[in-house]
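Undergrad: sequence-free structure coming up:
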């Protein structure tokens, strides 16, 4: 079978698909992958053939401001809206042009895209095929009568008044808060000859025959109207890093003190948001603080001297670090959150950019951590939250329950098997009622 992957050229959009592509190649299928040139080595390492972006703009993730002027000035819902309009929707017509070129040479049996790759959605609407699968890159964005609109970071209220709240918020969201996004989306649809969307872009993003959500049901809000083509397949977890050499202080992890890991991921790396406040907050606590800068120089932290209980590195593979960690302080990246949960590590979350408010809200709702509801928390709030997570066993128990759920899945193998069914039948691949594990 032939599979064509197409993804936004950003690490959080590419990374979840890499183990899926590898699994398909290992099962004897032919896989091509259309994305940004910076990801060519990672794509080819899976055994897939790389296809470059020609008409569509490529993006250097290290300098998003150059590609999308003004992006760094936006936070919260405003940042989410900016990203939807300019990072995801605007490139879609050129993406369609590129995909048409590739499919003329490589008639794929199925397309596989990340949630935000709008070009694949437009292409399938216009051509009527091939069948399309989508894998989620963050919390499930599907509108539901049981949830508030995606992007607000509000947990569900399981009651009749809660549904009334949701209905009112969806009306406000669609007709006021998100109205400009939908108008922008429909304007771009018109450019490729498509009619205005009736459902809206968030619903359209799930418009596929198969939706692969990289989590377990316990971490996602319950929806009585969940479409049956949505499958919870567990998390895509990293393996051991080849050639990893532990830093000289590695034995400090076993000195008997609780270990707190603080990270902002690789996209939002300004240290004054979370790294510096956490290092200061915990400087006098009986803990070991391990901070990573997302690949940036350690000197960017700018604390001289560092607190005596702090260890700072550019990067440490989570596969090796997290088994030693008691609490992680994070800005709510979806992949990193799931690596922590797979290790049974509770979280303190502080993220308000992109869709991170939704991830942080789910951390709190699931009981696996605390959501500080800001991306610039004061040191006192971080200290209080870390103390609470370390001393209240309920957070660890909730994280361990999620770890147990995640351990029952093999996400790459499950995704590959479902994609094979899609390519063979060209029909929606429906989940069974027992998928909630």
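TA: Yes, it's here. Everything numeric here is computed off the predicted structure, so don't read it as measured data. Numbering: from 1, shown residues only.
Undergrad: which ones are touching residue 416?
TA: Counting by C-beta atoms under 8 Å, 6 or more residues apart in numbering, residue 416 touches 20, 23-24, 27. Placement of C-beta: from N, CA and C, glycine included.
Undergrad: if we go to 10 Å?
TA: For residue 416, the contact set (C-beta atoms under 10 Å, 6 or more residues apart in numbering) comprises 3, 19-27, 29, 410.
Undergrad: ok, now residue 150?
TA: 80, 138-144, 173, 178, 202, 205, 355, 357-358.
Undergrad: In CSV, list the contacts of residue 416 along with secondary structure, neighbour count and pLDDT.
TA: Formatted as CSV, those follow (DSSP: H, G, I helix; E, B strand; the rest coil; neighbours: other C-beta atoms under 10 Å; pLDDT from 0 to 100):
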residue, secondary structure, neighbour count, pLDDT
3, strand, 27, 98
19, helix, 21, 95
20, helix, 29, 97
21, helix, 26, 98
22, helix, 17, 97
23, helix, 22, 98
24, helix, 27, 98
25, helix, 17, 98
26, helix, 13, 98
27, coil, 13, 98
29, coil, 20, 98
410, coil, 15, 97
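Undergrad: Tabulate those (CSV), appending distance to residue 290.
TA: Converted to CSV, the contacts of residue 416 look like this (distance: C-beta to C-beta, whole Å):
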residue, distance to residue 290
3, 39
19, 26
20, 30
21, 32
22, 29
23, 32
24, 36
25, 35
26, 34
27, 38
29, 40
410, 29
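Undergrad: Torsion angles phi and psi at the residue lying closest to residue 239 once chain neighbours are set aside?
TA: Spatially, and ignoring its direct neighbours in sequence, residue 239 is nearest to residue 319 (6.3 Å; C-beta to C-beta, 6 or more residues apart in numbering). Backbone dihedrals for residue 319, given as degrees, to the nearest 10, come out at phi -60, psi -40.
Undergrad: In this model residue 238 seems to touch residue 319, though I could be wrong.
TA: Yes: using C-beta atoms under 10 Å, residue 319 is in contact with residue 238, at 5.0 Å.
Undergrad: Determine the residues that are contacts of both of these two.
TA: Common neighbours of residue 319 and residue 238 (criterion: C-beta under 10 Å, 6+ apart): 339, 342.
Undergrad: Might one say that residue 246 is in contact with residue 253?
TA: Yes: counting by C-beta under 10 Å, residue 246 does reach residue 253; the two are 8.9 Å apart.
Undergrad: Tell me the confidence at residue 311?
TA: Residue 311 carries a pLDDT value of 96.
Undergrad: for residue 426, same thing?
TA: Looking at residue 426, its pLDDT is 96.
Undergrad: so it touches residue 131, yeah?
TA: Yes: counting by C-beta under 10 Å, residue 426 touches residue 131, with 4.9 Å between them.
Undergrad: neighbour-wise, which of the two wins?
TA: More neighbours surround residue 131 than the other of residue 426 and residue 131, with 22 against 13 (other C-beta atoms under 10 Å).
Undergrad: mind listing the strands for the stretch 1-150 of the chain?
TA: Secondary structure of the stretch 1-150 of the chain (DSSP state E, counting those that start in this stretch): strands at 2-6, 30-35, 49-52, 110-114, 132-135.
Undergrad: Quick check: which of the ones you listed is buried the most?
TA: strand 110-114 (a mean of 27; mean count of other C-beta atoms under 10 Å).
Undergrad: quick one, it and strand 30-35 angle?
TA: 40 degrees (axes from the mean of the first three to the mean of the last three C-alpha atoms, to 10 degrees).
Undergrad: Mind listing the strands strand 110-114 pairs with, and their directions?
TA: The pairing partners recorded for strand 110-114 under DSSP bridges are strand 2-6 (parallel), strand 132-135 (parallel).
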